[in-house]
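> Got a predicted structure plus its sequence, pasted below:
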Amino acid sequence: MKLKKNRAARRRSSVHRSKLLPGDAVATGTQGLRSRKGRTLLTAIGIAIGIASMVAVLGISSSSKADLIAEIDQLGTNLLQVQAGLDTSGTASKLPKEAPAMVRRIAPVEEASSVSALKAGVQRNQYTDDSNGLDVLATEPQLLSTLEATMASGRFLDAGTAGLPTVVLGAVAAERLGISSPAGAPTVQIAGRTFSVIGILNPTPLSPDIDRAVLIGNEAAGKYLGAEVIPTAIFIRANPTVVEEVRQVLSRTVSPAAPNEVSVSRPSDALEARAQVDQNLQNLLLGLGAVALLVGGVGIANVMIISVLERRGEIGLRRALGATRSHIAVQFILESAGLATLGGVIGTALGAAVTVVYARQQDWLIDIPAQGLAAGIVAALVLGALAGLYPATRAARLDPADAVRPG
Amino acid sequence: MRRANRRSSADGEGRAFSTPPRPGLSNTVMELRGVSKHYPGTPPVRALDEVTMSVAEGELVGIVGASGSGKSTLLNIIGTLDRPTSGQVLIEQTPVAELSDAGLAGLRSSRIGFVFQQFHLLEAATAVDNVATGLVYQGVRKGLRRSLAKEALEKVGLGHRLQHKPPKMSGGERQRVAIARAIVGDPAIVLADEPTGNLDSQTSAGIIDLLRRLNQDGSTIIIITHDPGLAASLPRRVTLTDGRVSDDNVSAPVVDEPASDKSPAWIRGTS
């Protein structure tokens, strides 16, 4: 009964207008894809490669950045470093001897340790030379805790060993000197005197100078090398909430007479900057991904043009069934967009998978930006729609009488 | 409805034979008035030359002619897939020249059903979905579309093949699906272009029987054919020669009773 009424209503309507429901438009647009699964998949792969490479570039660089930021957080951003700069005549200045003590008087300073560069070379033994680029630094036992450094082996200087001919090696220094452990009492020569190695530090990312240093106690420096210990750098751990404030008063505190000759830095800033330096490389890789995507888009346009030629009969039939030119255009644009979106989905999944595998390999944190995934799919959709414009226009312009003709 | 046995006859001067227009006849579903179609070239091709004819509701007409006589051009013009160079085409009294391309599409979607020699079925779709495609551009919802498609398939004797796809069907069955698709929207005219051109003689006979039965149930059907034997079996034959109507005769009454009394409500579109 309902059907009959519906028919009667349609028949009575004097104005005939073609109408394609939105759901039917989508179904019609994806019908071609569903009926040619092999071709659909192969064409989608073109887009998938482009999207996958872009998502992987974003994911990998974001994971690497996330890892670096986690490392920075772990090392702490409250470490400050004061160094003697250059005076107005351009010669290297020195920090006042009492500078470390003055710095410790700043209330939010939790800890401060100084190091003093000695003009001495270090040799593995008397038969080797000292052109190994290593510095000999005199320091205090609390340097270890100020830097929050850890020992790879052995122990650090303490009140007792700081006055004895003993050294602690930075990670790089130990490697260059060919000493992997204090076991077996290895020794090094500093200014012709023998020092026993009592410990080796793990790498200290916030103070790479320490990695390349051979550390001896301030007391021993005076006693065995006859050096006057004048601080060349002070490491400071400040209260994390007021790091900037401490930083601002440091130069004036250290050298009230010539604050300009003192340089104050925050080592974590350098690491943070490193997180940004690979931006150029990332842009280059993204550019390559975009080229791949473009090639994929041209592939889709090509396949769609072939599809229009192959499906003249179907286009003619649809025109005969009442499809307007716009209905035909919409069908092919949706088909092209659908094809590209499929590629986009495959590509995003692939890119995410590559990121996960690579980040795991590098032991990084996995960070895949959600907006990157969404952008991948949207980019594919837009590209597909654009690629489909020309084929769709050709399909819509087909003369229906020609299209239904056999052959 | 009664139809005259002879519509017109050739005049003594050997001019093209044509049926006179029948303006004002309320049950005329299709009318051509001096329709010509010329294609430019040297010399220009006159595919149709001053064709005047009309088809009334409930008729079963064969348009017959040799290859190149203008049959397909005529079908395209009646089906509004093409426009004439000159002359007037009226579908249910609507002059199609006044309609835009979208307007013509709208007219085709609801008032004209097509049956093609090559069936033009969607290979990946089932019989029901193929038939339902005939209603897609009328904006009919999927559920209703499918129930109407099932009815139409039952009507053409394919009630048992609803879920079969064209590659699994014989030529005759495919053409039946195509016929079901043409009638599912209850159009004013069904245009069949060489509907038996790809079929063997036995299957062809079945298809012609089906079209005849649908006509008896009230459908107005125009069959284009180059086969004189097939044409001879139809109640009215319009012969095209070189783009002109050279003969138009009715050999036997098609229906004795008004179609509206005999045909079921389904096909009359009334409840």
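It's in.
> Quick one: the helices in the stretch 201-350 of chain A, in order.
All helices of the stretch 201-350 of chain A, identified by DSSP state H, counting those that start in this stretch, fall at A:208-211, A:218-225, A:243-254, A:267-277, A:279-310, A:312-320, A:325-361.
> again, but for the stretch 101-250 of chain B
B:101-111, B:127-136, B:142-155, B:171-183, B:201-216, B:228-232.
> Take those and lay them out in CSV including mean neighbour count, mean pLDDT and distance to chain A.
Backbone N, C-alpha and C define where each C-beta goes, glycine included. Putting the helices of the stretch 101-250 of chain B into CSV (neighbours: other Cβ atoms under 10 Å in any protein chain shown; pLDDT from 0 to 100; distance: least, Cβ to the nearest Cβ, whole Å) gives the following:
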stretch, mean neighbour count, mean pLDDT, distance to chain A
helix B:101-111, 22, 93, 2
helix B:127-136, 26, 94, 5
helix B:142-155, 19, 94, 6
helix B:171-183, 26, 94, 8
helix B:201-216, 18, 90, 16
helix B:228-232, 15, 86, 18
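> can you pull the contacts of the most centrally placed residue in chain B?
Nearest to the geometric centre of chain B sits B:L191, at 1.8 Å (Cα atoms, centre = their mean). By Cβ atoms under 8 Å, 6 or more residues apart in numbering or on different chains, the residues touching B:L191 are B:L75, B:I78, B:G79, B:I112, B:G113, B:F114, B:V115, B:A182, B:I222, B:I224.
> Could you check how far it is from B:L32?
For B:L191, the distance to B:L32 equals 13 Å [Cβ to Cβ, to the nearest Å].
> now B:T220
The gap separating B:T220 from B:L32 is 15 Å, by Cβ to Cβ.
> got a list of what residue 84 touches?
Using chain A. Taking Cβ under 8 Å, 6+ apart, one finds A:A92, A:S93, A:K94, A:L95, A:P231, A:T232, A:A233, A:E261, A:V262, A:S263 in contact with A:A84.
> should've been chain B
B:V35, B:S36, B:K37, B:L48, B:I77.
> Name the nearest of those relative to chain A.
B:I77 (8.5 Å; Cβ to the nearest Cβ).
> A:M151 touches A:P203, doesn't it?
No. Judged on Cβ atoms under 8 Å, A:M151 makes no contact with A:P203 at a distance of 11.7 Å.
> between the contacts of A:A84, which is nearest chain B?
A:S263 (73.8 Å).
> which non-adjacent residue is nearest the closest one?
Residue nearest to A:S263 in three dimensions, not counting chain neighbours: A:G85, with 4.3 Å by Cβ to Cβ, 6 or more residues apart in numbering or on different chains.
> can I assume the one you found is in contact with A:N260?
Yes. At 7.4 Å, A:G85 counts as touching A:N260 under the criterion of Cβ under 8 Å.
> okay, those two: which has more neighbours?
Neighbours per residue, other Cβ atoms under 10 Å in any protein chain shown: of A:G85 and A:N260, the larger number sits with A:G85, 17 against 12.
> what sits against the more buried one?
Taking Cβ under 8 Å, 6+ apart as the contact definition, A:G85 lies against A:A92, A:S93, A:N260, A:E261, A:V262, A:S263.
> again, only this time at 10 Å
A:A92, A:S93, A:L95, A:S251, A:S255, A:A258, A:P259, A:N260, A:E261, A:V262, A:S263, A:V264 (Cβ atoms under 10 Å, 6 or more residues apart in numbering or on different chains).
> out of the residues you listed, which is most surrounded?
Neighbour max across the contacts of A:G85 (other Cβ under 10 Å) = A:L95, 24 neighbours.
> What pairs with the helix or strand containing B:V35, parallel or antiparallel?
Using DSSP states H and E, B:V35 maps to strand B:28-39. Partners of strand B:28-39 in the sheet, by DSSP bridges, are strand B:45-56 (antiparallel), strand B:86-91 (antiparallel).
> Just say which of those strands is most tucked in.
strand B:45-56 (a mean of 21; mean count of other Cβ atoms under 10 Å in any protein chain shown).
> pLDDT averaged over that one, what's the number?
Mean per-residue pLDDT for strand B:45-56: 92.
> Show the subsequent helix or strand relative to that strand.
Using DSSP H and E, the helix or strand that follows strand B:45-56 towards the C-terminus is strand B:60-65.
> all strands in chain A, in order from the N-terminus.
A:79-84, A:109-118, A:122-123, A:135-139, A:151-154, A:166-169, A:187-190, A:193-201, A:213-217, A:233-238, A:262-265 (DSSP state E).
> Direction included, what does the first one pair against?
Based on DSSP bridges, the strands next to strand A:79-84 in the sheet, each with its direction, are strand A:233-238 (antiparallel), strand A:262-265 (antiparallel).
> tell me what the lengthiest helix in chain A is packed against?
Secondary structure assigned by DSSP state H gives helix A:37-75 as the longest helix of chain A. The contact analysis (3 or more Cβ pairs under 10 Å, 6 or more residues apart in numbering or on different chains; DSSP states H and E) places helix A:37-75 against helix A:22-35, helix A:267-277, helix A:279-310, helix A:325-361, helix A:370-397.
> Can you list phi and psi of A:T77 for me?
The phi and psi values for A:T77, taken as degrees, to the nearest 10, are phi -100, psi 10.
> Just give the closest residue to it, not the sequence neighbours.
In space, A:T77 is closest to A:S268, 4.3 Å off (Cβ to Cβ, 6+ apart).
> What of B:L48?
B:K37 (4.2 Å).
> Kindly present the helices of the stretch 101-250 of chain B as CSV, with separate columns for distance to A:R104.
Output for the helices of the stretch 101-250 of chain B, formatted as CSV (distance: least, Cβ to Cβ, whole Å):
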stretch, distance to A:R104
helix B:101-111, 86
helix B:127-136, 84
helix B:142-155, 81
helix B:171-183, 93
helix B:201-216, 105
helix B:228-232, 112
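> just so I know, which of the ones you listed lies nearest A:I328?
Comparing the helices of the stretch 101-250 of chain B against A:I328 with Cβ to Cβ, the closest turns out to be helix B:101-111 (9.7 Å).
> Can you report how many residues neighbour A:E111?
17.
> What of A:L365?
16.
> isn't it right up against A:K65?
Yes. In this structure, A:L365 is within contact of A:K65 by Cβ atoms under 10 Å, at 9.4 Å.
> quick one, what contacts B:D227?
B:D227 touches B:G62, B:V64, B:E194, B:T196, B:G197, B:S201, B:S204, B:I208, B:S233, counting by Cβ under 10 Å, 6+ apart.
> pLDDT value on the residue nearest to A:T77, please?
Predicted confidence (pLDDT) for A:S268: 79.
> Repeat that for B:M30.
94.
> Alongside chain B, which residues does the stretch 301-407 of chain A contribute?
Counting by Cβ under 10 Å from any Cβ of the partner chain, the stretch 301-407 of chain A comes close to chain B at A:313-314, A:316-328, A:396, A:399-407.
> what do you get if the cut-off is 8 Å, keeping everything else the same?
Residues of the stretch 301-407 of chain A found near chain B (Cβ under 8 Å from any Cβ of the partner chain) are A:313-314, A:316-327, A:399-401, A:404-406.
> Can you say which of the residues you listed are buried?
A:313-314, A:316-325, A:327, A:400-401, A:404-405 (16 or more other Cβ atoms under 10 Å in any protein chain shown).
> how much space between the closest residue in space to B:A192 that isn't next to it in sequence and A:L317?
With Cβ to Cβ, 6+ apart as the criterion, B:A192 has its nearest non-adjacent residue at 3.9 Å, and that residue is B:V115. Distance, B:V115 to A:L317, by Cβ to Cβ: 11 Å.
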